[in-house]
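**Student:** here is a sequence with its predicted model. Questions after.
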Amino acid sequence: MTVYESGIGDPLLQPQTHNYNIRNYLSEEHSILSRCLHKFDCVMELGCSDGRHTAQVLADGKQYIGIDNVSRYIETARRRFARHATQPEFIVDDIKNFVRHMPTQAGKMLMIFPFNIIGNLPNAEEILTKALKMSDGVIVFGYKNDFHTQSVRNDYYNSAGFEDITCITNKDGVRFTDKRGLNTIAYSEQWFHDIFNEHYEHCHHINFGNIGVAYANFNI
Ligand SMILES: C[S@@+](CC[C@H](N)C(=O)[O-])C[C@H]1O[C@@H](n2cnc3c(N)ncnc32)[C@H](O)[C@@H]1O
């Protein structure tokens, strides 16, 4: 069970626990998505929480599908957008099953992995590979691995109530864990480049905010 399913991870998603750098990260994530939307007809957000990017996608007139495996978050998302003219679709499921929720006729499909969700998935490589194959565009929002970012992440996890945190660096990236189930890695640039290249996709990456890196298979 993930910390989100158990409820222990709820504070990680609450704006009150977000320090300046995390707030700035999330706001820049919105900006990057905004400037890419014109290329696509439909956005599938994997790990959408209570509808992180829904409003922005709908405002741009695009179809929206959000997937999250925590039904509490999805219920909140549905309530938030219940009165919206264009209805977004919110699905309770594990991200690993995203293919079964892809619409058959949606025009150009963009898949987004927000707020370092990629680093929370046990089968990240397999899922990213499938997303690259099945969609017209993929953007993954991750973290940098420098000392400043490690310190910002440490403060963020601390203020969300995770105290005895371990931080381990290896060739894949920088992973934070704790005894209550926190388990999140910021994959390295090399990790992303290797996966994209293995599937004959060019990996574009840009730094954003003070701590973010976005990876995409098109020019962002
Ligand atoms: C976007 S991630 C946030 C990661 C965190 N900011 C960090 O520093 O690593 C959290 C969201 O992903 C969702 N999530 C996590 N694992 C999932 C899975 N396997 N399938 C669907 N949703 C998942 C959670 O329920 C939550 O809404």
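**Tutor:** Looks like it came in fine. Numbering: from 1, shown residues only.

**Student:** from now on I want contacts and neighbour counts done on CA atoms only, so please keep to that.
**Tutor:** Noted.

**Student:** quick one: I195 is in a helix?
**Tutor:** Yes. With DSSP: H, G, I helix; E, B strand; the rest coil as the criterion, I195 is part of a helix.

**Student:** pull the number of nearby residues for it.
**Tutor:** Counted with other Cα atoms under 10 Å, the neighbours of I195 add up to 18.

**Student:** please apply the same query to the one 10 residues further on.
**Tutor:** Applying the criterion other Cα under 10 Å, we find 20 residues in the vicinity of H205.

**Student:** in a strand, it, correct?
**Tutor:** Yes. Secondary structure of H205 (three-state DSSP): part of a strand.

**Student:** that one bridge partners, please.
**Tutor:** Beta-bridge pairing of H205 under DSSP bridges involves Y215.

**Student:** isn't it right up against A214?
**Tutor:** Yes. Using Cα atoms under 8 Å, H205 is in contact with A214, at 5.5 Å.

**Student:** near the ligand at all, the top helix by length along the chain?
**Tutor:** In the chain, taking DSSP state H as the definition, the longest helix is helix 20-36. No. Using Cα under 6 Å from any ligand atom, helix 20-36 stays clear of the ligand, coming no nearer than 8.7 Å.

**Student:** for that helix, name the packing helices and strands.
**Tutor:** For helix 20-36, the packing partners by 3 or more Cα pairs under 8 Å, 6 or more residues apart in numbering; DSSP states H and E come out as helix 54-59, helix 147-159, strand 204-208.

**Student:** of the ones you listed, which is nearest the ligand?
**Tutor:** Checking these against the ligand by Cα to the nearest ligand atom gives helix 147-159 as the closest, at 6.8 Å.

**Student:** the inter-axis angle of that closest one versus helix 20-36?
**Tutor:** On the basis of axes from the mean of the first three to the mean of the last three Cα atoms, to 10 degrees, helix 147-159 is oriented at 110 degrees to helix 20-36.

**Student:** and the contacts of helix 147-159?
**Tutor:** 12, 17-19, 21-22, 143, 163, 165, 174, 210-211 (Cα atoms under 8 Å, 6 or more residues apart in numbering).

**Student:** hmm, try it at 10 Å
**Tutor:** 9, 11-12, 16-22, 143-145, 160-167, 174-178, 182, 186, 210-212 (Cα atoms under 10 Å, 6 or more residues apart in numbering).

**Student:** just the buried ones from these?
**Tutor:** For the contacts of helix 147-159, a burial check counting by 16 or more other Cα atoms under 10 Å picks out 9, 11-12, 17-18, 21-22, 143-145, 160, 162, 165, 174-177, 182, 186, 210-212.

**Student:** for this structure, what spans make up the helices?
**Tutor:** Counting by DSSP H, the helices of the chain are 3-6, 20-36, 54-59, 71-80, 124-134, 147-159, 189-198.

**Student:** these: which one's closest to V92?
**Tutor:** Among those, helix 71-80 comes nearest to V92, with 5.8 Å by Cα to Cα.

**Student:** residues in contact with the residue lying closest to D10 once chain neighbours are set aside?
**Tutor:** Leaving aside its sequence neighbours, D10 sits nearest to Y4 (Cα to Cα, 6 or more residues apart in numbering; 6.0 Å). Y4 sits next to 10-13, 49, 69-70, 72-73, 181-182 when contact means Cα under 10 Å, 6+ apart.

**Student:** let's see the ChimeraX selection covering just the buried ones among the residues you listed.
**Tutor:** Buried subset of those, written as a ChimeraX selection, criterion 16+ other Cα under 10 Å:
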select :11,12,49,69,70,73,182
